[in-house]
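> Provided below are the primary sequence and the corresponding predicted coordinates.
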Amino acid sequence: MAVAVARSRRGLKRIVVGRPGGAARGRGARRFAPGLLVVGVPLLIALAGPLFAGDAGPRGTSLTTGAGHPLGTDFTGRDVFREVLLGGRSVVTVALAATALTYAVALPVGFVCALTRRAWLEEVLMRPLDVLLAVPSLLVVLLVATAVQPGPARLATVVALVGIPDAARIVRAAGAEAASRPAVEALRMQGEGWVRLALGYVGRAVARPLAADIGVRLTGAVYLVATAAFLGVGVAPDAADWAVMVDRNRTGLSVQPWATVVPALLIVALTMGGNLLVDAALARPHRPEKNR
Amino acid sequence: MSATGHRVARRLLLGGAQTAAVVLLVFAATEALPGDAAVALAGDQPDPARIEAVRAAMHLDRPPLERLLVWTAGLLHGDLGVSLTSGRPVAAALADGFGPTLLLAVPTVLLLVPAGIGLGVLAARREGGAVDRVVSAVLLSLYAVPEFALGALLVTVFALRLGWFPPTAVGYGTELASHPAALVLPVLALLARPVCSLARLVRAGMLDSLASPYVAQARRCGLSRTRVRYAHALPNALAPAAQQLARTVDWLLCGVVVVEALFVVPGLGTVLMNAVAERDLPTVQGLAVVFGLVTVLLNLGADLVTHRLAPRTEVAA
Amino acid sequence: MTPVHAAAQDPVAVIEGLRVEIGGRLVLDGVGLSLRPGRITALTGGSGSGKTTVGLALLGEYPDGSRVTGTVRVPQGLIGYVPQHPAAVLNPARRIGALLRDIARGRVRHLPRSRRRAAARERVLDALDRVRLPADGRLLRRFPHQLSGGQQQRVALAQVLLLGARVVVADEPTTGQDPLTKRGVVDLLADVARQGIAVLLLSHDTGVVRALADEVVVLRDGRVRDAGPAAASGRAPLGGAGRGDAVLDVRSLVARHGRTPVLDRVSLTVGAGECLAVAGRSGSGKTTLARCLSGLHPRHAGEVRLVGQPLPPGLRDRSRSQVAGVQHVFQDAKAAFDEYRPVADQVARTAVRLRGAAPAVARREALALLSALGLPAEKAARLPAHLSGGELQRAALARAALARPRVLVCDEITSGLDPVARDAVLGLLGGLLRSGRVEALVLITHDLGTAALADRIAVMEDGRVVESGAAGRVLGAPEHAFTRELVVAEETFGVPGD
């Protein structure tokens, strides 16, 4: 806001205001563009890559560049380009499955807690989850990995379990906030039933915050699945997986950087872009006016 | 004061329950082993002698409840059991790994709070300005990136291309403390996520606070810009950040494991990963209990700090 | 002509030709006024008339994205601001002492460093004394949330006094307050003016304006209308004197919030065709009483009978006809509607759920009732966000009345409305009662002016009914000490409609 201040003779401040203040901020679908752009490449490779990977050629020398391999060879002499095409699918699918599973549990639990009038039911459902929140997530994954050798399905289950306490708390908080609004009491005064209240009103009111939380949780799951794979949990030691590639090929980083750098960049882009998307979805389209 | 006392007591009780839950969960991992736990744990060399050794070391011939009691009683005396692979007490293995991990953790924590708050305040000084846009974009981008991927890229650029820092801690062994250059990249990789999350919260809190009626009133009262920003807005912005600090503890523990693996630092994370690879359950259990306890304690601390910063929460609670 | 007198008459702040436009919408157009030392200028007008924009213009604050032209002349130094909600302008993380010292420190800079601390403290204690707060250390060590609303209001005023401001803007300082609290604020503002400070009072409370203002400027749609106090619109009494037989009978109702008792053996009756007002300060248990009647506060003891039949305490145990029998209208009309569904659809559901009407029939009935209440079909077809507070409150009345209730419980339904909208809603309420759409009314209010329109008044204090009787008798010859206090406080402003 432009404010011109001039002193008048009587010691009064004279303020003349001319130009419009404030600036319109970028809004609408355009704010999703950067996130989509960054996440698009790794996501496309992860989902469509395996279709174009073709057959495995003969193994070459370990960790070389060039010689018919656009990105060189990896620590076992395989073509890095082909491995890159194949290596995103596991991270993405396991993370998606884990997030779906998390919400399959957290949604009903959180919703029941938010809407029940029986205090004991809420205690029984939420207290154990509160307690679980204290356990570091990677620790749970590693603990399970020691006891049982997990495959992708088990890894998805463990990652899902790790996310449940937090997700249930968020569902409950959003639901309880919506359920405490006068609109719900007004609906009850109209004789509306539980289903219409829970799904028709509360469900609709929490849809937006929960959609954003699913996004947050998905990036979190990608992080945890990739990190577990890097540490060798839930994947074969020579699996075609971006995280495993980073782990296995980094010994040859000085001679063949592509085998490490390309998958690392793809993981960075996947998490970064996902995060940018979530942030764009969370951003309020416009700020409420400060003054009446 | 009694309300605060009540709150502290309740928080301590929850902390106690969380500790018990960690212990139980860790113990339950043994029970989850399919079939004969001793055979499963003996791993790649399942000769009868080793199976017998495992069985004896973990008292697998006793009923589970008795084992739980014995193990818990041991924990209370600081006895974490005996490693299945080396036969050494777990506590000794932990003591070895403690030093290097501390070398990573101390600078990280010392840098985390000032860097997080500083970046957050810097971005919030002028919302939508050039500084804010650049800082916010970086914070947002780095915040979900796994440490190993970021670390690998850092090594490629700063160690291999530019040659500023050593790529790993290999070769420094116990002398790590006297080679601070080797710690720069690991600490950076470890810091990225928590700093970003902290700074984002401080920024959001500052913006909310700066737009609040009480800050508007403070400005109307003619207080200086600096005083409004740091004495009036910042304390309110720190409350959510303090709560987040507790959560970043979880990230730091994950991060320590990953960063130690990536940079080959012989700390607790490496001890843990070796134990996982060799299915050395007593060592994993011991570490899990230690990590769990640290988390519970730090959560407790953060909760009390939050309460001090946002005294109003006692009414809501 | 003495110079002193001339100075007193000179305005300290002047607004001329102020024009504010936000996104093409004209908020203020050619507004002008002047403030003089020691005088209170009231700026009145309904909500949306632009009062707050004028007040903030004096402070040099304008809404985001606004285009402003005109002249605002203010004295050098700072302008004080007393907000509607004092809790919002007191920093929750700082103690009262710190909040006041911050300002005092700025006023003692001219002193040598060594004497500043003591001087600042002296000023703080002096300011507390002037707003009649105890000038001891205990208050200074408290956080704002530990003070009562009245104390917070005083602290906000103490800040203004510490500033040494020559002009103070008070923004709706009495809205939603009971007569006693209102009285306290009015006295404080009169004190401030007596100290030679020019006060701009933004208020739509005609009683307060009449009691305080030396000059009145009326604002409508962003333009200055004729000066002079806003004429009190004539208000018809609600109800038509009860016909005797009790519709609602409440006996020794006891309720608590957690461990705090809120209602203590409350008994009352409401007859057919009668309107009962329940009056009292905030925190006296009025709202809890209303919620007990409607079944929204199920954990209570005692008996509530509807035409002789005992009502179960909670909504979920009440039959459909019992739910329809006692309907509730909420204070915050905006929050009481689903933001995603058109208003008419929501109103019609009452007839479907509570009377088993077919959807098409229910819709027709809803639209007819809505238009009878002044909401034409094209307006009722919109989402709640597109209706004003007064319009939504009418829709809420229609929603409840469609149940054909025996008792309609109205919980402070006019306290968020400006006088024009309030009188319209009260008028409609009377119409519903007289036409027999609603058999009896229970009107919860802190405003004695509204209560005066009822047939009978029950006065509540600390969860008990301390006095009840015919409205004229209770207000004209109050028996209980508390009622007398309320009535005296209200008389300062003159009961509108008398």
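All right, it came through fine.

> sticking with C:Thr71, tell me its helix or strand.
In this assignment (DSSP states H and E), C:Thr71 forms part of strand C:66-75.

> residues contacting whatever helix or strand comes next after that strand, please?
For strand C:66-75, the following helix or strand on the C-terminal side (DSSP H and E) is strand C:80-82. Residues outside strand C:80-82 that contact it (C-beta atoms under 8 Å, 6 or more residues apart in numbering or on different chains) are B:217, B:220, C:55, C:59, C:89, C:153, C:156-157, C:159-161, C:163, C:165, C:167-171, C:173, C:189, C:197. (Each C-beta comes from the backbone N, C-alpha and C, glycine too.)

> what is the burial count for C:Gly308?
9 (other C-beta atoms under 10 Å in any protein chain shown).

> any idea how far it is from C:Ser319?
Per C-beta to C-beta, to the nearest Å, C:Gly308 is found 15 Å from C:Ser319.

> returning to what we had before: so is the strand holding C:Thr71 next to chain A?
Yes: contact between strand C:66-75 and chain A, assessed by C-beta under 8 Å from any C-beta of the partner chain, occurs at C:66-75.

> buried only: go through these for me.
Buried subset of these (neighbour count, 16 or more other C-beta atoms under 10 Å in any protein chain shown): C:66-68, C:70, C:72-75.

> show me where the stretch 201-350 of chain C has strands.
C:215-220, C:223-225, C:246-257, C:260-271, C:275-279, C:300-306, C:309-310, C:326-329 (DSSP state E, counting those that start in this stretch).

> give me whichever of those is most buried.
Sort these by mean neighbour count, taking mean count of other C-beta atoms under 10 Å in any protein chain shown, and strand C:275-279 sits at the top with a mean of 29.

> what residue is smack in the middle of the chain?
Since no chain was named, I'll use chain A. Closest to where the C-alpha atoms of chain A average out (C-alpha atoms, centre = their mean) is A:Thr219, at 2.2 Å.

> meant chain C, my bad for not saying
Centre-nearest of chain C using C-alpha atoms, centre = their mean is C:Gly176, 2.2 Å out.

> I'd say that residue and C:Ser415 touch.
Yes: using C-beta atoms under 8 Å, C:Gly176 is in contact with C:Ser415, at 5.3 Å.

> between those two, what contacts are shared?
In contact with both C:Gly176 and C:Ser415: C:His446, using C-beta under 8 Å, 6+ apart.

> and A:Asp55, what helix or strand is that in?
Applying DSSP H and E, one finds A:Asp55 in no helix or strand.

> okay, now it: neighbour count?
5.

> swap in A:Thr93?
A:Thr93: 15 surrounding residues under other C-beta under 10 Å.

> the one 3 residues further on now?
Each residue near A:Leu96 was counted by other C-beta under 10 Å, and the total is 15.

> so A:Pro70 sits against A:Phe81, correct?
Yes: the pair A:Pro70 / A:Phe81 is scored as a contact, 4.9 Å apart, by C-beta under 8 Å.

> neighbour count for those two, which is higher?
Neighbours per residue (other C-beta under 10 Å) separate A:Pro70 from A:Phe81, with A:Phe81 holding more: 17 against 12.

> after the helix or strand hosting that one, next one along is what?
Using DSSP H and E, A:Phe81 sits within helix A:80-86. Beyond helix A:80-86 on the C-terminal side, the first helix or strand identified by DSSP H and E is helix A:89-115.

> by contact count, what packs against that next one?
helix A:33-52, helix A:119-132, helix A:152-179, helix A:204-230, helix A:258-282 (3 or more C-beta pairs under 8 Å, 6 or more residues apart in numbering or on different chains; DSSP states H and E).

> okay, those helices in TSV with distance to chain C and mean pLDDT next?
Listed next are those as TSV, based on distance: least, C-beta to the nearest C-beta, whole Å; pLDDT from 0 to 100:
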stretch	distance to chain C	mean pLDDT
helix A:33-52	24	78
helix A:119-132	12	74
helix A:152-179	10	84
helix A:204-230	6	83
helix A:258-282	19	80
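
> tell me which parts of chain C are close to chain B?
C:59, C:61, C:78-81, C:83, C:85, C:88-94, C:102-103, C:106, C:143, C:145, C:156, C:159, C:162-163.

> if we can go back for a sec, farthest pair in the buried ones among the residues of strand C:66-75 next to chain A?
Distances among these were taken as C-beta to C-beta; the most separated pair is C:Arg67 and C:Pro75, at 26.1 Å.

> before we move on, the earlier item: C:Ala358: which of the residues of strand C:66-75 next to chain A is nearest?
Taking C-beta to C-beta as the measure, C:Ala358 lies nearest C:Ser66 of the residues of strand C:66-75 next to chain A, at 50.0 Å.

> isn't the closest one up against C:Arg25?
No: using C-beta under 8 Å, C:Ser66 is not in contact with C:Arg25, being 9.7 Å away.

> count of residues packed around residue 106?
Since you didn't name a chain, this refers to chain A. Residues lying near A:Ala106 (other C-beta under 10 Å) number 26.

> chain C, not that one
18.

> and the helix or strand encompassing it, what's buried?
Using DSSP H and E, the element containing C:Gly106 is helix C:96-107. Neighbour counts using 16+ other C-beta under 10 Å place C:96, C:99-107 of helix C:96-107 among the buried residues.

> JSON lines for those residues, including distance to B:Gly292 and pLDDT?
Converted to JSON lines, the buried residues of helix C:96-107 look like this (distance: C-beta to C-beta, whole Å; pLDDT from 0 to 100):
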{"residue": "C:Ile96", "distance to B:Gly292": "42", "pLDDT": "87"}
{"residue": "C:Leu99", "distance to B:Gly292": "42", "pLDDT": "86"}
{"residue": "C:Leu100", "distance to B:Gly292": "46", "pLDDT": "88"}
{"residue": "C:Arg101", "distance to B:Gly292": "45", "pLDDT": "87"}
{"residue": "C:Asp102", "distance to B:Gly292": "44", "pLDDT": "85"}
{"residue": "C:Ile103", "distance to B:Gly292": "49", "pLDDT": "86"}
{"residue": "C:Ala104", "distance to B:Gly292": "50", "pLDDT": "86"}
{"residue": "C:Arg105", "distance to B:Gly292": "48", "pLDDT": "84"}
{"residue": "C:Gly106", "distance to B:Gly292": "51", "pLDDT": "81"}
{"residue": "C:Arg107", "distance to B:Gly292": "54", "pLDDT": "81"}
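
> can you put those residues in a markdown table and add distance to C:Leu428?
Listed next are the buried residues of helix C:96-107 as a markdown table, based on distance: C-beta to C-beta, whole Å:
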| residue | distance to C:Leu428 |
| --- | --- |
| C:Ile96 | 45 |
| C:Leu99 | 45 |
| C:Leu100 | 47 |
| C:Arg101 | 52 |
| C:Asp102 | 49 |
| C:Ile103 | 47 |
| C:Ala104 | 51 |
| C:Arg105 | 54 |
| C:Gly106 | 52 |
| C:Arg107 | 52 |
